[in-house]
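Participant: mind looking at a prediction? Sequence and model below.
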Amino acid sequence: MVVSQPSFRQARWDEPIIFELGAPGRRGHIPPRPEPEVVEAVGPIEDLLPEELVRKEPPRLPEMSEPEVVRHFVRLSQMNYCPDVGLYPLGSCTMKYNPKICDLVASTDQVRWAHPYQDERTVQGLLAILYELKKWLAEITGTHEVSLLPAAGAHGEFLGCLIIRAYHKRKGQLVERREMIVPDSAHGTNPASAAMAGFKVITIPSGPDGCVDVEALKAAVSKRTAGLMLTNPNTLGIFESKIKEIAEIIHDAGGLLYYDGANLNAILGKSRPGDMGFDIVHINIHKTFGTPHGGGGPGSGPIGVVEELEPFLPVPRIEYDGERYCLNWDKPLAVAKIRAFLGNVAVLVRAYAYILALGPEGLKEAAEVSVLNSNYLLKKLASLEGIEVPYGPDRPRKHEFVVSLKPLERSTGVRALNVAKRLLDHGYHAPTIYFPPIVDEAFMVEPTESFGVEDLDGFAEAMRAILEEARAEPEKVLKAPYNTAVGRVDEVRASHPKTMVLSWRMLKEREGLSRA
Amino acid sequence: MWCRVLRLTPAHPYIPNSAESSKRKLVDFLGISDPEELYSDVPEVVKLDRPLEVLGPLPEQEILKRIKEKLSSVKTALDMPVFLGAGCWPHYVPAVVDFILARTEFYTSYTPYQPEISQGMLQALWEYQSMVCELTGMEVTNCSMYDWASALGEAARMAVRITGRKRVLVPKIIHPERLEVLKAYTEPAGITVEQVPYEPETGQMDLEALKARMGSDVAAVYVENPSYLGFIETRVKAIGEIAHDRGALYVVGVDPISLGILEAPGNYGADIVVGEGQPLGNHMNFGGPLLGILACRAERRFIWQMPGRIIGLTVDSEGRKAFCMALQAREQHIRRERASSNICTNEALCAVAAAVYLALLGPKGLRELCETIIYRSHYAMKRLNELPGVKAPLFKAPHFKEFVVNYNGTGLTAKAIHEGLLKAGIHGGKLLAGEFPELGQSALYCITELHTKEDIDRLAEALRGLLER
Ligand SMILES: Cc1ncc(COP(=O)(O)O)c(C=O)c1O
């Protein structure tokens, strides 16, 4: 049987490590020298610093000319896949298109050059943008007040957990209320954030429908319950229809409900976490509001809270008296800050522009099309041999869906990981794999609204070809990828104590050892 | 019902399938008549039955106009000399840095979960890690934390996990926001943070006071070099020895720019180094994004307690050099509530900026930059100190780029001087009265390579004008 071969080819530069480039004496950037009068007035620099604190040896940084630096990093960039070249259906990460106008406004001088401690009178326009943005985010999430401080979703979770702590402490119940309930389908950051904030994590199993098992939840709550962390739609892409009942169970037990905003894209303008009964909501700006993921960050993770929790939000608060914007540092119940300054402003300004570009209709349209795209692709994949749809194919999914490649693995030995690698050869980024942990051989697909029907068809066709290939020539799939900058990477070696090399310094030390 | 689908014209530019013809294909294939059917499992009570009250949609040029209008009144360091630092510093960003960061392959991609197709980001981040190690004298760095403050919080938790002890000693002179963040990160874990007093004349950590607080329950001793108030902590070696004598770890906080000339903390005993990487090629951006540095020695008990992503060098199936994320078993997606940290999305692109920046400057450029900063900051101290009633620097100690200016002898408050300078088109330093009342009428000034002699002279003259009034 002939299996169609992928035609994608990624750049494959045999690019040296930067320390191997350049030559002694080369310069890539020359900083200004002090004025002669300054030097004269100040005297020799040796007299200004204690000798024992002056570096004996300069740092071993590369010595490169400007064009060499540019070529090095441009070559590296060519060995990096991104959503501006094709589908990047990394489930739970919302790899949507990043509008270029948003980057343009974020790179204006008034954003780049503003210092966070400038006198408020000199930065009114920036405060105005941040103020307006936080009002919109409150409206979109159905919350009362928003803090823009957290740098990412997990950072927002941590802040939210600190607020839950502060709330119970204020009620004199912190000693008892030590337990945070987290479903087994939750993202790893949820239990990790709760634990960092000092809570004991109680994991509850999902029900047969993939949703929170209400009976299990009832059994788990007690007067020790501090709260529940949940995302809706959940990590299977299924809407938790019993959300009102869930909220009631938690609230009746005296706990608070935390919303993990990773999946907000599905419900923009359709439904609001605040209306579902959530007390604290984080927003992954870099997911839902189209800001670039930066190869891992920076993102931004504002949180919104209900009115009762407003006093606990950290300072400074951006306020407006009808005439002037100001920063209010005087909030006696505020929890401690979790980072310096106001937040990832350059990211937030992009989100402001993004909301303006879409408006209420556009946001809703983004949600609906992300859900349409997801269900379309699910239906296409569900018909392929080797794929199973856990928790039933009949319920509509939202912006993402999870399939299992267990049947394929059983019949061919080819695993989700291998199919993911083979997808790279077809010029697609792989979906998220092995998450959520409750699905075997999980393949979590989030196409987002940014791709057209032909992209979805192309992806489905690539999947069909790969599954066919897995049956005809499993070896071929097991050894994938072939068309990427490098072949299958040895991740075990990277982490093994005997072979790990985490820096140039370690590499040189290793080489020295092996020579000796 | 069909008409609701057809209503959406024109299609939105960001959403290919919002075009009627495309949407019809999807809807037909799914056998539904309206996308709304896909929300049939959302209970009516939680459905939003009105449009969101947000502005838009606006045509692109209107967005630009609206934002430009709002920003038009904003005055920054480009419009007036601004002498602010305090954890977010104005430094020149070479054009190459912004050019590389604008490569869409870098900035629109995400965490390199699939290393084979993400070698570019992985190598750039590994090179960042390597350069930070060269600067700090450490062997291992993660590929970014949110900022210095949160990196300090994580470092304290890390030290507590490594030592099994629960007290952390930090200097009295520390950025108040950083101290607050440290407490936010440590308080839930039952860690106590205690401040060690300083010598009033010099600002230096009081070593006797430190010794008095040491004990076998101290997990870490933390110092900053240069300190928050700009002076150099000269007895860093001795402080490290005091920490190590009692089995505590030694954590040092740095402004990485200063390491072009100052000794690497690894050479005076540091076990963990934290710091703010923003000055390395990242714009101030009104305080964010920043770049948290966290580095440590290559000991197993350290490495396995590191928070955040770490990139490793390895090989591919053909034996070629390749990179991937290493030691993921520490992280939240595997270890969940027992993870070393909850961090997931980090500040990777800022780390790439730092790598590009350090490659451009090289050892000589960085050294020269430090020299320029030191010359200019000392020139500024000299000029200001000549003014009647003004003391600069307040502390008798060597300084790097920041210093405290004390106005006690002028008869004016720091606030009044700030107002006067602002009227003269100059933004003075950060007022310190709220945070360090014992320093009287003081402000923290910052001088970098961006502040020319002319800027400094202007500041001195404007201040003289205020004093003579
Ligand atoms: C479901 C879910 N929750 C939380 C997070 C954490 O968000 P962040 O990476 O912005 O910290 C993620 C993302 O990566 C996620 O997918």
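Facilitator: Okay, I see it. Numbers count the residues shown, from 1 in each chain, chains lettered A, B, ... in the order given.

Participant: output stretch A:72-85 as CSV, nothing but the C-alphas.
Facilitator: Written as CSV, here are the backbone C-alpha positions of stretch A:72-85 (Å, rounded to 0.1, in the frame of the first residue of the first chain):
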residue,chain,number,x,y,z
HIS,A,72,22.7,33.2,14.3
PHE,A,73,19.3,34.1,15.8
VAL,A,74,17.5,34.3,12.4
ARG,A,75,18.8,30.8,11.6
LEU,A,76,17.5,29.6,15.0
SER,A,77,14.2,31.2,14.4
GLN,A,78,13.9,29.3,11.1
MET,A,79,14.1,26.1,13.1
ASN,A,80,11.1,27.1,15.2
TYR,A,81,7.5,26.3,14.1
CYS,A,82,4.8,28.9,14.9
PRO,A,83,1.1,29.5,14.4
ASP,A,84,2.0,32.1,11.8
VAL,A,85,3.1,29.3,9.5
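
Participant: so which bits of that stretch are buried?
Facilitator: Under the neighbour-count criterion of 16 or more other Cβ atoms under 10 Å in any protein chain shown, stretch A:72-85 has A:72-73, A:75-85 buried. Placement of C-beta: from N, CA and C, glycine included.

Participant: contact partners of that stretch?
Facilitator: A:10-13, A:15, A:18, A:21, A:64, A:88, A:95-98, A:295, A:424, A:427, A:429, A:450, A:485, B:100, B:103-109, B:114, B:117-121, B:123-124, B:352, B:356, B:359 (Cβ atoms under 8 Å, 6 or more residues apart in numbering or on different chains).

Participant: how about 6 Å then?
Facilitator: A:11, A:13, A:15, A:18, A:95, A:429, A:485, B:100, B:103-106, B:108-109, B:117-121, B:123-124, B:356 (Cβ atoms under 6 Å, 6 or more residues apart in numbering or on different chains).

Participant: returning to what we had before: inside strands: which ones of the buried residues of stretch A:72-85?
Facilitator: Among these, the subset assigned to strands under DSSP state E is empty.

Participant: what's the closest of these to A:Glu179?
Facilitator: A:Pro83 (39.1 Å; Cβ to Cβ).

Participant: before we move on, back to that, in PyMOL, how would I select the buried members of the contacts of stretch A:72-85?
Facilitator: Selection of buried members from the contacts of stretch A:72-85 for PyMOL, criterion 16+ other Cβ under 10 Å:
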select buried, (chain A and resi 11+15+18+95+429+485) or (chain B and resi 100+103+104+105+106+108+109+117+118+119+120+121+123+124+356)
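
Participant: strands of the chain, start to end?
Facilitator: No chain was given, so I picked chain A. A:145-147, A:179-183, A:200-204, A:225-230, A:256-259, A:280-282, A:303-305, A:317-320, A:325-328, A:401-404, A:432-433, A:442-445.

Participant: chain B, not that one
Facilitator: Using DSSP E, the strands of chain B run over B:140-141, B:167-171, B:192-196, B:218-224, B:249-254, B:272-276, B:292-296, B:310-315, B:321-326, B:402-406, B:430-431, B:442-446.

Participant: before we move on, the earlier item: can you put the strands of chain A in a markdown table and add mean pLDDT?
Facilitator: Below are those laid out as a markdown table (pLDDT from 0 to 100):
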| stretch | mean pLDDT |
| --- | --- |
| strand A:145-147 | 98 |
| strand A:179-183 | 98 |
| strand A:200-204 | 98 |
| strand A:225-230 | 98 |
| strand A:256-259 | 98 |
| strand A:280-282 | 98 |
| strand A:303-305 | 98 |
| strand A:317-320 | 98 |
| strand A:325-328 | 98 |
| strand A:401-404 | 98 |
| strand A:432-433 | 98 |
| strand A:442-445 | 98 |
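
Participant: out of those, which comes closest to B:Cys133?
Facilitator: Nearest of these to B:Cys133, taken as Cβ to Cβ: strand A:432-433 at 31.1 Å.

Participant: and that closest one, how far from the chain's centre?
Facilitator: 14 Å (Cα atoms, centre = their mean, to the nearest Å).

Participant: so what strands line up beside that strand?
Facilitator: Partner strands for strand A:432-433, per DSSP bridges, with pairing direction: strand A:442-445 (antiparallel).

Participant: so what's the spatially most central residue of chain A up against?
Facilitator: Central residue of chain A (Cα atoms, centre = their mean): A:Cys93, 5.7 Å from the mean position. By Cβ under 6 Å, 6+ apart, the contact list for A:Cys93 reads B:Tyr110.
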